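Visitor: quick one, structure for this:
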Amino acid sequence: MAVYTHVDEKAAESFLIEYEIGDLVSLNGVEQGVENTNYILDTTKGRYVLTLFEKRVEANDLPFFMAAMAHMSANAIPAPAPVVDKKGAAVGRLCGRPAAITTFLSGQQRMEPAPDECRMMGETNARLHSASRNFSMTRTNSLSLEGWCSLAAKTVARADECASGLSNIIQEEIDFQTRMRPTKLETGLVHADLFPDNVFFEGGRISGVIDFYFACTDAYAYDLAITLNAWAHSLAGWSEEGARALITGYQNVRRITDAEKSALPALLRGAALRILLTRLYDFLNRVDGAVVAIKDPLAYRDLLLFHRDGGSHDLFG
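Guide: Modelled structure (predicted):
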């Protein structure tokens, strides 16, 4: 989440006329995140989230994202439910941007998750994958290998402005992923961005899984790799205990196949490269006037090098 487009009360009130969720009480921007503009929207009938879609989000992808959230919400995943307007549409226009309102989910993030919270995340990730099996819509992952190559082309010439030698690391990993990218793995709807800031806890359980705006059709094992990187790695380094707890939780719900186990080392590297490149792009292309916290690309450079050196090779004991 972030604020790129500033919405005043008059514009918000006009937008709300198209909905049946009460009158505007307050509108407060959310700084966290880097992709879209988000506000906490309070009305006389409750609390919601207002999102204006920016940057990498294509308007023709929005029906997929809305349907993915609605499907997960209807299948016991604590995902936000899209709120439709009086005409039954889940996406409108506000301040020149596509915009949507979703239900608000309460809870707290765990930015330094404990092993038991990692286990719960693994279980939820697997339940999401299991629920995706009867979701009929598909969307190509725009941030898979082709997307990485595109981002690398846009950033590699300036990468050393961020850190010396970074351009060589990126090019070497692009070459590796081009040769070694795993295929023929089980696929379906995946979240593709299950970071701790997209998950809420309340009452000793996961109470919310938000920000489905990278959701796509891809390998479940790739989604697991993104989640492992996000939950088992922190400023303190890689947590083998956290990684194994997450995998244990995942396998409590869905068994990881032998093919997926074999693919995970390369997928962990690819997942680290994906976040390194998106963060590097944002680092090099800051938006003037945006209320947004730019995340450190080098944390994922270090994680990529850790995986490349075999530091996470023994995930299954």
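Visitor: not counting sequence-adjacent ones, nearest residue to G96?
Guide: Take G96 and drop its neighbours on the chain: the residue closest to it by CB to CB, 6 or more residues apart in numbering is T5, 7.7 Å away. For every residue, glycine as well, the C-beta is placed using N, CA and C.
Visitor: who are the neighbours in contact with the spatially closest residue to R97 that is not a sequence neighbour?
Guide: What sits nearest to R97 in space, not counting adjacent residues and going by CB to CB, 6+ apart, is L52, at 4.1 Å. Applying CB atoms under 8 Å, 6 or more residues apart in numbering, we find L52 in contact with 4-5, 7, 36-38, 94-95, 97-99.
Visitor: mind redoing it with 10 Å?
Guide: Residues near L52 by CB atoms under 10 Å, 6 or more residues apart in numbering: 3-7, 36-39, 93-100.
Visitor: narrow these to those that are buried.
Guide: Buried members of the contacts of L52, counted by 16 or more other CB atoms under 10 Å: 3-5, 7, 36-39, 94, 97-100.
Visitor: in strands, which of those appear?
Guide: Those of these mapping onto strands are 37-39, 94, 97-100, per DSSP state E.
Visitor: quick check: the farthest pair among those residues?
Guide: Pairwise distances across these (CB to CB) peak at 14.6 Å, for the pair Y39 and P98.
Visitor: picking that back up, need the ones in strands among the buried ones among the contacts of L52 in a markdown table with pLDDT and distance to M120, can you?
Guide: Formatted as a markdown table, those follow (pLDDT from 0 to 100; distance: CB to CB, whole Å):
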| residue | pLDDT | distance to M120 |
| --- | --- | --- |
| T37 | 91 | 30 |
| N38 | 92 | 24 |
| Y39 | 95 | 28 |
| L94 | 96 | 35 |
| R97 | 93 | 34 |
| P98 | 95 | 33 |
| A99 | 96 | 32 |
| A100 | 97 | 28 |
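Visitor: nearest to R244 among these?
Guide: Of all those, R244 sits closest to N38, with 33.6 Å by CB to CB.
Visitor: before we move on, the earlier item: where does the residue nearest to R97 fall, phi/psi-wise?
Guide: phi -110, psi 130 (degrees, to the nearest 10).
Visitor: do the same with V49
Guide: phi -120, psi 130.
Visitor: look up the residues forming beta bridges with the closest residue to it other than its chain neighbours.
Guide: Nearest non-adjacent residue to V49, counting by CB to CB, 6+ apart: T102, 5.0 Å away. Assessed by DSSP bridges, T102 has beta-bridge partners V49, P82.
Visitor: what's the pLDDT at T102?
Guide: pLDDT, T102: 98.
Visitor: cool, the one 4 residues further on as well?
Guide: Taken from the predicted model, the pLDDT recorded for S106 is 96.
Visitor: number of residues surrounding it?
Guide: Neighbours of S106 under the rule other CB atoms under 10 Å: 10.
Visitor: with just CA atoms, put stretch 132-145 into CSV.
Guide: Extracted in CSV, the C-alpha atoms of stretch 132-145 (Å, rounded to 0.1, in the frame of the first residue of the first chain):
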residue,chain,number,x,y,z
SER,A,132,-7.6,-22.3,-6.3
ARG,A,133,-8.3,-25.6,-7.9
ASN,A,134,-11.9,-24.7,-8.7
PHE,A,135,-11.1,-21.1,-9.9
SER,A,136,-11.5,-21.0,-13.6
MET,A,137,-10.0,-17.7,-14.6
THR,A,138,-6.3,-17.4,-15.6
ARG,A,139,-3.7,-14.7,-15.8
THR,A,140,-0.2,-14.9,-17.0
ASN,A,141,2.4,-13.9,-14.4
SER,A,142,3.7,-10.6,-15.7
LEU,A,143,6.6,-10.8,-13.2
SER,A,144,8.0,-14.2,-14.2
LEU,A,145,11.1,-14.7,-16.2
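Visitor: which parts of it are buried?
Guide: 132, 135, 139, 141, 143-144.
Visitor: restricted to strands, list these.
Guide: Going by DSSP E, the strands hold none of the buried residues of stretch 132-145.
Visitor: for L105, see how far away the most centrally placed residue in the chain is.
Guide: By CA atoms, centre = their mean, the chain has its centre lying nearest to D193, at 2.0 Å. Going from D193 to L105 by CB to CB, to the nearest Å gives 16 Å.
Visitor: please, where are all the helices along the stretch 201-317 of the chain?
Guide: For the stretch 201-317 of the chain, applying DSSP state H, counting those that start in this stretch gives helices covering 220-232, 240-253, 258-284, 298-308.
Visitor: quick one: find the helix or strand in the protein with the lowest mean pLDDT.
Guide: Across the helices and strands of the chain, mean pLDDT, DSSP states H and E gives its lowest value to strand 233-234, namely a mean of 88.
Visitor: neighbouring contacts of that one?
Guide: So strand 233-234 is contacted by 111-113, 196, 239, 242-243, 268, 272, 299-300, 302-303, 306-307, 312 (CB under 10 Å, 6+ apart).
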